[in-house]
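Asker: build the 3D model from these lines:
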Amino acid sequence: MNPIEELSPKGVWRNFYALTQIPRPSGHTEKVANYLVDWAKSKGAEAYIDEAGNVIMRKGATPGYEDRETTVLQAHMDIVPQKTKGCPHNFETDPLDVYIDGEWVTARDTTLGADDGMGVAAAMAIIEDDTVEHGPIEVLITRDEETGLIGAFDLKPGELTGKYLLNLDSETEGEITIGCAGGVDILCSMQYQEINVDPQNMLCYQIVIKGLLGGHSGVEIFKGRANANKLMARTLFATVNTGIAWLCTWHGGNMRNAIPRESEATVLVPAKEKEAFLAMVEKCRTTFIDEYKDIETDAFYMAAIEAETMPKKAMPQDIQENIINAVMAAHDGVLRYTPSMPDLVETSCNLAIIDVADGKAEVISLARSSQDSMKQYLCNRYISCFSMAGMDVKLEGGYSGWQPNPKSPLVEMMSNIYEKLYAKKPIVGACHAGLECGIIGVNYPEMDMASYGPTLVSPHTPNEAVLIPTVQKFYDFTLEILKNIPRKA
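Answerer: So this is what the prediction gives:
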């Protein structure tokens, strides 16, 4: 038995460890969905996969609680597939290598999947434990939350019957979330005709940036961490746009909701410009280290490495300059804080993914805001910027934020329970991340909702970890909430 399965509460940790052994990156959730259905049926619960690919489980009330309202326990099954440079892990086939590190559980060189494996595991522990006191329960485990909240968007009206929904996907124990930002994906793309390369008197270099902290593009965007794509744009602006290098390919980031940790560009350098090119890359490196010395770590790495193979094609000069200029000009990071809550980010953007190669260029960003007008303003800035670069700009997967209900009976009840359990009031507020509550609420407007969870750090990065003592508090809190769900009117 793995030591993680011996942690308390055992039901949660045993199920969480089992989930870490099932590959479940976003876009590849069929295996874990089937596992969850088979598992639930083996425990005597009703379970099926709906038309949207979500898993739904149902369990009847324990004796004495039959007259309570139905509660929905909600989490998502997919994880963000991030790993360190050079790590051979295949998220579609390999189990995660998880281990205990002091008071934390983490994974070796990959994301842990506690976001939101912890929520799924807690729901599973409740389903399998007949000693837990509760009214009727529905469990909704959505697919592909991390790539656009797809399972929540596709959930049909009438699939659920619950009056209360507990979203088990927040990341700081002791906080109850009652609102979140909306978001939209900004897709900028173009095709171009490559030009032939004359290799005579030319050198080829790969500029590599890696080892940045990255992080969750919602809850950690305020920390001011470096964006690898932005650092690369600055480097290319100083080399390609000054005529001492020629851009061939550029790849950076791989998830829309993860701050890019790595970026690589292949460039051609005239032999006579070699020293000037290398000096400029080094100048950029030392500049970035100085700028981020109080934010990033010594793991940051940047270098220009001479390539063994000379590319046969490169980008036309006007195209490369236009793309570099657009990425330089595009907003990244926090745009505005909430006027009425100065510590809460209102509007931000994550310049997430860049893919430039083989005559195609694509830049993908995720804009977030709790104000629809500000979200549109940010999108219009991107449209203006990348249109001038000759790129086609599309907006996809847009959704409005989850508007807080400060008079929620569920939240009042939860706050009182938390204070009774832990002799202090919980923090009640909104967050800048995207939660599924607002989307589910469109089809279930009468459902009262709140979000909470154990403490996680660095989700969406290989440094993701969950604080062990907070899992017990999170689970005990959940059990007490279920015991106190109101009777049916």
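
Asker: distance between stretch 41-59 and the chain's centre?
Answerer: 25 Å (CA atoms, centre = their mean, to the nearest Å).

Asker: I should have written stretch 179-196 there, sorry.
Answerer: Distance, stretch centre to chain centre, for stretch 179-196: 18 Å (CA atoms, centre = their mean).

Asker: what do you get for stretch 157-170?
Answerer: Here the centre of stretch 157-170 is set off from its chain's centre by 21 Å, with CA atoms, centre = their mean.

Asker: for that stretch, give the mean pLDDT please.
Answerer: What stretch 157-170 shows for mean pLDDT is 97.

Asker: can you give me the end-to-end distance of it?
Answerer: Taking CA to CA, to the nearest Å, stretch 157-170 runs 24 Å from one end to the other.

Asker: and for stretch 241-260?
Answerer: By CA to CA, the extent of stretch 241-260 from end to end equals 23 Å.

Asker: any weak-confidence spans in the stretch 301-450 of the chain?
Answerer: Scanning the stretch 301-450 of the chain for pLDDT under 70 picks out nothing.

Asker: can you give me the strands for the stretch 1-150 of the chain?
Answerer: 46-49, 55-59, 71-76, 98-101, 104-107, 137-142 (DSSP state E, counting those that start in this stretch).

Asker: how about those strands, which one is nearest residue 13?
Answerer: For residue 13, the closest of those is strand 104-107, at 8.2 Å, according to CB to CB. C-beta coordinates here come from the backbone N, C-alpha and C atoms, glycine included.

Asker: sheet-wise, list the partners of the closest one with their directions.
Answerer: Here strand 104-107 has these sheet partners by DSSP bridges: strand 98-101 (antiparallel), strand 465-467 (antiparallel).

Asker: which one of these is the most hemmed in?
Answerer: Highest mean neighbour count of the strands paired with strand 104-107: strand 465-467, a mean of 22 (counted as mean count of other CB atoms under 10 Å).

Asker: from the chain's centroid, how far away is it?
Answerer: For strand 465-467, the separation from the chain centroid amounts to 16 Å (computed by CA atoms, centre = their mean).

Asker: make 739 the starting number, not 1.
Answerer: Let's use 739 as the start, then, which means that last one is strand 1203-1205.

Asker: what does that strand rub up against?
Answerer: The contact list for strand 1203-1205 (CB atoms under 8 Å, 6 or more residues apart in numbering) reads 839, 841-844, 850, 852, 856, 911, 1192-1196.

Asker: are any of those buried, and which?
Answerer: Buried subset of the contacts of strand 1203-1205 (neighbour count, 16 or more other CB atoms under 10 Å): 842, 843, 844, 850, 852, 856, 911, 1192, 1193, 1194, 1195, 1196.

Asker: got CSV for those, with pLDDT too?
Answerer: CSV is the format used below for those (pLDDT from 0 to 100):
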residue, pLDDT
842, 98
843, 98
844, 98
850, 98
852, 98
856, 98
911, 98
1192, 98
1193, 98
1194, 97
1195, 95
1196, 93
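
Asker: would you turn those residues into a markdown table with distance to residue 862?
Answerer: Listed next are the buried ones among the contacts of strand 1203-1205 as a markdown table, based on distance: CB to CB, whole Å:
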| residue | distance to residue 862 |
| --- | --- |
| 842 | 22 |
| 843 | 17 |
| 844 | 21 |
| 850 | 17 |
| 852 | 14 |
| 856 | 11 |
| 911 | 19 |
| 1192 | 15 |
| 1193 | 20 |
| 1194 | 18 |
| 1195 | 23 |
| 1196 | 24 |
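
Asker: out of the strands of the stretch 739-888 of the chain, the one nearest residue 1157 is which?
Answerer: Evaluated over the strands of the stretch 739-888 of the chain, closeness to residue 1157 peaks at strand 809-814, with 20.5 Å, by CB to CB.

Asker: dump stretch 1118-1129 to PDB, restricted to CA.
Answerer: Provided in PDB are the C-alpha atoms of stretch 1118-1129 (Å, rounded to 0.1, in the frame of the first residue of the first chain):
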ATOM      1  CA  ASN A1118     -11.000  44.400 -28.600                       C
ATOM      2  CA  ARG A1119      -7.400  45.300 -27.800                       C
ATOM      3  CA  TYR A1120      -6.300  41.900 -29.000                       C
ATOM      4  CA  ILE A1121      -8.400  42.200 -32.100                       C
ATOM      5  CA  SER A1122      -6.900  45.600 -32.900                       C
ATOM      6  CA  CYS A1123      -3.300  44.500 -32.200                       C
ATOM      7  CA  PHE A1124      -3.300  41.200 -34.000                       C
ATOM      8  CA  SER A1125      -5.400  42.400 -36.900                       C
ATOM      9  CA  MET A1126      -2.700  45.000 -37.700                       C
ATOM     10  CA  ALA A1127      -0.300  42.100 -37.800                       C
ATOM     11  CA  GLY A1128      -2.400  40.500 -40.500                       C
ATOM     12  CA  MET A1129      -3.800  37.800 -38.300                       C
END
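
Asker: from residue 1172, how far out is the most centrally placed residue in the chain?
Answerer: In the chain, the C-alpha nearest the mean C-alpha coordinate belongs to residue 995, at 4.3 Å (CA atoms, centre = their mean). According to CB to CB, to the nearest Å, residue 995 and residue 1172 sit 8 Å apart.

Asker: and for residue 1104?
Answerer: Distance of residue 1104 to residue 1172, given as CB to CB: 9 Å.

Asker: find residues that contact each of the two.
Answerer: Common contact partners of residue 1104 and residue 1172 (CB under 8 Å, 6+ apart): 921, 995.

Asker: the more surrounded of those two?
Answerer: Between residue 1104 and residue 1172, residue 1172 has the larger neighbour count (other CB atoms under 10 Å), namely 28 against 24.

Asker: what segments of the stretch 939-1088 of the chain are strands?
Answerer: For the stretch 939-1088 of the chain, strands defined by DSSP E, counting those that start in this stretch occupy the ranges 940-948, 953-954, 984-990, 996-997, 1001-1008, 1039-1044, 1051-1052, 1071-1076, 1079-1095.
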